[in-house]
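Undergrad: Got a predicted model here, sequence first, then my questions.
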Amino acid sequence: APAWADLSELFALNLVGWAFGLMAGFHRARSREAERLTRDLGSANAELAELVVLRERLARIEKLESVNRLAGGVAHELRNPLAAIKATVQVTPREGLPEPVLEAFHVIEEEVGRADAAVKSLLGQSRRRPVRGRVVLAELVAEAAGLVRPRLGEVALSVEAPAERCLVEGDTDALRQALVNLLVNAAEAAASRIEVALAAEGERAIIRISDDGPGVSEADQK
């Protein structure tokens, strides 16, 4: 009887050990499976994030393609009226005209030329490369302001430029066009006043254009 009891106890201990080993193996297998699922989930999340980025890029590309098609159509429609304006200005007699009228003709010719260049660029006929050089910003600001003044009506335009020569490296034509665009936008928004200020701040040249218009609403800012 004692021997049988010892044998039963040994069997029970082995059975318990086997059960614990089985449970430990099952736990290890579950842990490995959990680790694999975690890795798979991480990979899936990374792939999903990449798909979202690719989808956003595709949407931007499709939007750009639509804009390009629209720009091409608009450019084609603009060429004929621009050519008519240019031809009319060129054949109009100018003898005896007062100075303000002559200046207006000059502004029309300049702006028609720039518009024609912009149309050609939209149509892909002009692949103009930037032409870098020394630019006297005070002179450039004054020139851009002079081009815009005839269309301001009752809106007052003030220009504040430093006495010293503020020089930068850049493309004169592109900078002039950027300034004219900003001033035209300001003219469309202003109630009565546009202010242009040029300042040298350290190694930087800052041109600030402000107007007393309503600004952009929060709903439209994005």
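TA: Cool, got the structure.
Undergrad: for this protein, what spans make up the helices?
TA: For the chain, helices defined by DSSP state H occupy the ranges 2-91, 99-122, 137-148, 172-189, 218-221.
Undergrad: Could you identify which of those is most buried?
TA: helix 137-148 (a mean of 19; mean count of other Cβ atoms under 10 Å). For the C-beta atoms, the positions are set from N, CA and C on the backbone; glycine is no exception.
Undergrad: what is the mean pLDDT for it?
TA: Averaged over helix 137-148, pLDDT sits at 88.
Undergrad: what about it, distance to the chain center?
TA: Here helix 137-148 shows a centroid-to-chain-centroid distance of 25 Å under the convention Cα atoms, centre = their mean, to the nearest Å.
Undergrad: next one: stretch 37-51
TA: Using Cα atoms, centre = their mean, the offset of stretch 37-51 from its chain centre is 31 Å.
Undergrad: Same check on stretch 101-112?
TA: Distance, centroid of stretch 101-112 to centroid of chain: 31 Å (Cα atoms, centre = their mean).
Undergrad: Check stretch 136-154 too.
TA: Taking Cα atoms, centre = their mean, one finds the center of stretch 136-154 at 25 Å from the center of the full chain.
Undergrad: which residues are in contact with that stretch?
TA: Applying Cβ atoms under 8 Å, 6 or more residues apart in numbering, the contact partners of stretch 136-154 are 103-104, 107, 110-111, 157, 159, 161-162, 165-168, 172, 175-176, 179-180, 183-184, 187, 192, 194, 196, 198, 205, 207.
Undergrad: still on that earlier bit, output the helices of the chain in a markdown table; the columns should cover distance to Arg129.
TA: Shown next, in a markdown table, are those (distance: least, Cβ to Cβ, whole Å):
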| stretch | distance to Arg129 |
| --- | --- |
| helix 2-91 | 20 |
| helix 99-122 | 12 |
| helix 137-148 | 20 |
| helix 172-189 | 11 |
| helix 218-221 | 34 |
